[in-house]
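Enquirer: show me the folded form of this:
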Amino acid sequence: MPWKTLDDMDFARKRALVRVDINVPVEDGEVTDTTRIDRIIPTVEDIRAKGGKVILMAHFGRPKGQVVPEMSLEIIAPAVADALGLPVTWVNSDYGDAVAEMTDDEVLLLENLRFNPGEEKNDEAFAKRLASLGDIYVNDAFSAAHRAHASTEAIAHLLPSCAGRLMAEELRALEKALGTPDRPVMAVVGGAKVSTKLDLLGNLVGKVDHLVIGGGMANTFLAAQGIDVGKSLCEHDLADTARDILAKAEAAGCEIVLPRDIVVAREFKEHAEGQTVAPDACPADAMILDAGPETVAYINQVMEAAKTLVWNGPLGAFEIAPFDAATNAAASHAAALSKAGSLISVAGGGDTVAALNKAGAADDFTYISTAGGAFLEWMEGKTLPGIAALG
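Expert: Got it, this is the predicted structure:
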């Protein structure tokens, strides 16, 4: 790997500036999901075990360079302290005195970086101000690595830098999934619109052996083949693009898997009456809301022959029953194969994590990325500034 890890650095009697992602949900002043906080624990513990002091840097929400009191990281500090089992001192935007006076027994949490307009502008002056607080820079925020910000890109050029435990784990998992994967490789890509995932599909057809397209995106591909999709969500203006992707896949030897049967309904609501029909038999007054059992059976068959699976997006309207059936069934099968050791499965993206959790499958996937945009851009084959800066 071109980037260093915690094992390559000497933290003894040094201050480590650790960029983390603790942009967690908060209701009534209380953190409601500590997943992202929990995942920074190994990095903090390792640095402290090596004799280093830890200064956490993070953002919270989108204050756009302004001080927004309800987006202060002071709100998050108690949850971080609980997770680490250590005193966590929140530091306002003055920084200096608290850093100079920090003890070996405490962790500092700097105020929301995005309160400073220099953060999102990747401003070198702001990066230098941050760098002056520490001796080593550690990036443990893969989910922010697709942003060229002062705390993710500029600062990495100013201090000895490395990846934290979470970042290194993420990069190894992603490399295993698409960099140098065990073949055959299968990808599941779902979601509402093809337009949001054009770069992703274009990259994947040249890298995977089987590409399953689900959700509303599949409707656009069906329509591009002359199939009437009724009132379904569909980007008819992207028919030519869909046909181009199909042609590229064929040229690359990548099988595109589209629905072999569909579940349709006349209402988009919980427990709406649905029926399973052939892809070309959608009633004019109905909409496609899920893939059918024949489709799931084929996806599972392909999965059983695959060695590696990359998953981004649901196969249907997973938020409402019974149109979560295809996503739940395929995800459960992937989880079972992963648990048995016959499949390496890597998944990421907001809807994806929610869908896999809903299916009760997330715990048995090989790796679940908490990143949204960064995971998607990595799947698109793009260079992530925060990772490139560590090289």
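Enquirer: for the rest of this, base every contact and every neighbour count on C-alpha atoms.
Expert: Will do.
Enquirer: who are the packing partners of the lowest-mean-pLDDT helix or strand in the chain?
Expert: Least confident helix or strand, the chain: helix 96-101 with a mean of 85, by mean pLDDT, DSSP states H and E. Contact here means 3 or more Cα pairs under 8 Å, 6 or more residues apart in numbering; DSSP states H and E; on that basis helix 96-101 packs against no helix or strand.
Enquirer: who's in contact with residue 75?
Expert: Residue 75 is in contact with 29-30, counting by Cα atoms under 8 Å, 6 or more residues apart in numbering.
Enquirer: shaky segments in this protein?
Expert: Low-confidence segments of the chain, defined by pLDDT under 70: 1.
Enquirer: so it: which segments form each domain?
Expert: Following automatic domain parsing, one finds the domains of the chain at 6-167, 181-379.
Enquirer: of all those, which one is nearest residue 389?
Expert: domain 6-167 (5.7 Å; Cα to Cα).
Enquirer: endpoints of the closest one, how far apart?
Expert: 11 Å (Cα to Cα, to the nearest Å).
Enquirer: run a quick neighbour tally on residue 29.
Expert: By other Cα atoms under 10 Å, the residues close to residue 29 number 10.
Enquirer: contacting residues for it?
Expert: residue 75.
Enquirer: ditto for residue 173
Expert: By Cα under 8 Å, 6+ apart, the neighbours of residue 173 are 346, 367.
Enquirer: am I right that residue 162 is in a helix?
Expert: No: per DSSP: H, G, I helix; E, B strand; the rest coil, residue 162 lies outside any helix segment and is strand.
Enquirer: the nearest residue to residue 12 once chain neighbours are set aside: what's it in contact with?
Expert: If you skip the residues right next to it in sequence, residue 12 has residue 51 as its closest partner in space, 4.3 Å away by Cα to Cα, 6 or more residues apart in numbering. Neighbour list for residue 51: 11-14 [criterion: Cα under 8 Å, 6+ apart].
Enquirer: on that earlier part again, closest to residue 385 out of the domains of the chain?
Expert: Nearest of the domains of the chain (Cα to Cα): domain 6-167, 5.4 Å.
Enquirer: and residue 54, how far is that from residue 155?
Expert: 16 Å.
Enquirer: actually residue 170, not the one I typed
Expert: For residue 170, the distance to residue 155 - Cα to Cα - is 21 Å.
Enquirer: looking at the two, which is more packed in?
Expert: Using other Cα under 10 Å, the more surrounded residue of residue 170 and residue 155 is residue 155, with 30 against 23.
Enquirer: so the more buried one touches residue 125, yeah?
Expert: No: look at residue 155 against residue 125 with Cα atoms under 8 Å: they stay out of range, at 9.8 Å.
Enquirer: show me the contacts for the nearest residue to residue 134 once chain neighbours are set aside.
Expert: Among residues not flanking residue 134 along the chain, residue 15 sits closest, at 4.8 Å (Cα to Cα, 6+ apart). Residues in contact with residue 15, defined by Cα under 8 Å, 6+ apart, are 52-55, 133-136.
Enquirer: now, among those residues, which is nearest to residue 217?
Expert: Distances from residue 217 to these, taken by Cα to Cα, are shortest for residue 55, at 43.2 Å.
Enquirer: can you pull the contacts of that closest one?
Expert: 15-18, 107-110, 134.
Enquirer: mind listing which of those are in helices?
Expert: Nothing among the contacts of residue 55 maps onto helices, per DSSP state H.
Enquirer: just send those back as CSV, with distance to residue 83 too.
Expert: Below are the contacts of residue 55 laid out as CSV (distance: Cα to Cα, whole Å):
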residue, distance to residue 83
15, 21
16, 19
17, 19
18, 16
107, 12
108, 14
109, 14
110, 17
134, 23
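Enquirer: any idea which of those is closest to residue 45?
Expert: residue 107 (10.6 Å).
Enquirer: in the stretch 251-391 of the chain, which spans are strands?
Expert: 255-257, 262-265, 274-277, 287-291, 308-312, 344-348, 367-369 (DSSP state E, counting those that start in this stretch).
Enquirer: neighbouring strands - and their directions - for the first one?
Expert: What it means is strand 255-257. For strand 255-257, the pairing partners within the sheet under DSSP bridges are strand 210-213 (parallel).
Enquirer: can you give me the buried ones in the strand it pairs with?
Expert: 210-213 (16 or more other Cα atoms under 10 Å).
Enquirer: what about the helices in the stretch 101-250 of the chain?
Expert: 117-120, 124-131, 165-174, 198-204, 216-224, 239-252 (DSSP state H, counting those that start in this stretch).
Enquirer: redo those as a markdown table? Include distance to residue 46.
Expert: What follows is the helices of the stretch 101-250 of the chain, written out as a markdown table (distance: least, Cα to Cα, whole Å):
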| stretch | distance to residue 46 |
| --- | --- |
| helix 117-120 | 27 |
| helix 124-131 | 21 |
| helix 165-174 | 9 |
| helix 198-204 | 35 |
| helix 216-224 | 43 |
| helix 239-252 | 44 |
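Enquirer: can you tell which of those is closest to residue 7?
Expert: helix 165-174 (9.6 Å).
Enquirer: can you get me a residue count around residue 156?
Expert: With other Cα under 10 Å as criterion, residue 156 counts 24.
Enquirer: where's it relative to residue 391, distance?
Expert: 9 Å.
Enquirer: what of residue 345?
Expert: Applying Cα to Cα to residue 345 and residue 391 gives a distance of 26 Å.
Enquirer: residue 176 too?
Expert: 19 Å.
Enquirer: same question for residue 272.
Expert: 52 Å.
Enquirer: residue 273 now?
Expert: For residue 273, the distance to residue 391 - Cα to Cα - is 54 Å.
Enquirer: make JSON lines out of the domains of the chain and add distance to residue 387.
Expert: JSON lines is the format used below for these (distance: least, Cα to Cα, whole Å):
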{"stretch": "domain 6-167", "distance to residue 387": "6"}
{"stretch": "domain 181-379", "distance to residue 387": "10"}
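Enquirer: looking at the ones you listed, which is nearest to residue 386?
Expert: Per Cα to Cα, nearest to residue 386 of those: domain 6-167, 4.2 Å.
Enquirer: what about the closest one, distance to the chain center?
Expert: On the basis of Cα atoms, centre = their mean, to the nearest Å, domain 6-167 sits 20 Å off its chain's mean C-alpha point.
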